[in-house]
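**Student:** return atomic coordinates for the entry below.
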Amino acid sequence: MSVFTGIVTYFLIWWTALFVVLPFGVRPHDKSGPATAGGAPEHPALKQKILATTLLSAVIWGVVYALVVHGTLDFRGISETMMAEDLQK
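**Tutor:** Numbering: from 1, shown residues only. Next comes the predicted model:
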C-alpha cells in the first residue's frame, strides 16, 4: 500500500466512522425558541467524538493495512477478476 493510498483509505474510514460516532449521547434541547433548532443537541461533545473517531479509524485502518500487506485483501486481484468477468459477457 502506497503512502497516498494509505492516507486516502484512512480519510475514508475516518469520515465513515464519524457518522457512526456522531449520534452517541445525543439528547435534544428541552427548550425550543426562535434561536434554537428543534433537533439541535444540548451538548454535542464534538471534541470527544472527534477523538473517538480518530482512535476508531486508526484501529480499523490498522486491520485493513495488515490485510492488504499480507495479501488477504487484494484489490488488484478483485479488479482483474471483475474485468475478466465483464469481458466474458
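
**Student:** skip ahead from the host helix or strand of Leu51 and say which helix or strand is next.
**Tutor:** For Leu51, the host element (DSSP states H and E) is helix 46-69. Using DSSP H and E, the helix or strand that follows helix 46-69 in sequence is helix 75-88.

**Student:** can you check what angle separates that following helix from helix 46-69?
**Tutor:** Here helix 75-88 runs at an angle of 70 degrees relative to helix 46-69 (axes from the mean of the first three to the mean of the last three CA atoms, to 10 degrees).

**Student:** just the buried positions in helix 75-88, please.
**Tutor:** Within helix 75-88, no residue counts as buried by 16 or more other CB atoms under 10 Å. Quick note: C-beta positions are derived from backbone N, CA and C, even for glycine.

**Student:** neighbouring contacts of it?
**Tutor:** With contact meaning CB atoms under 8 Å, 6 or more residues apart in numbering, helix 75-88 is reached by Val68.

**Student:** check stretch 20-36 too.
**Tutor:** Outside stretch 20-36, the residues touching it (CB under 8 Å, 6+ apart) are Gly38, Gly39, Ala40, Pro41, Glu42, His43, Pro44, Ala45, Lys49, Ala52, Thr53, Leu56.

**Student:** one step back: and the helix holding Leu51, what does it pack against?
**Tutor:** Helix 46-69 sits against helix 3-21, with contacts defined as 3 or more CB pairs under 8 Å, 6 or more residues apart in numbering; DSSP states H and E.
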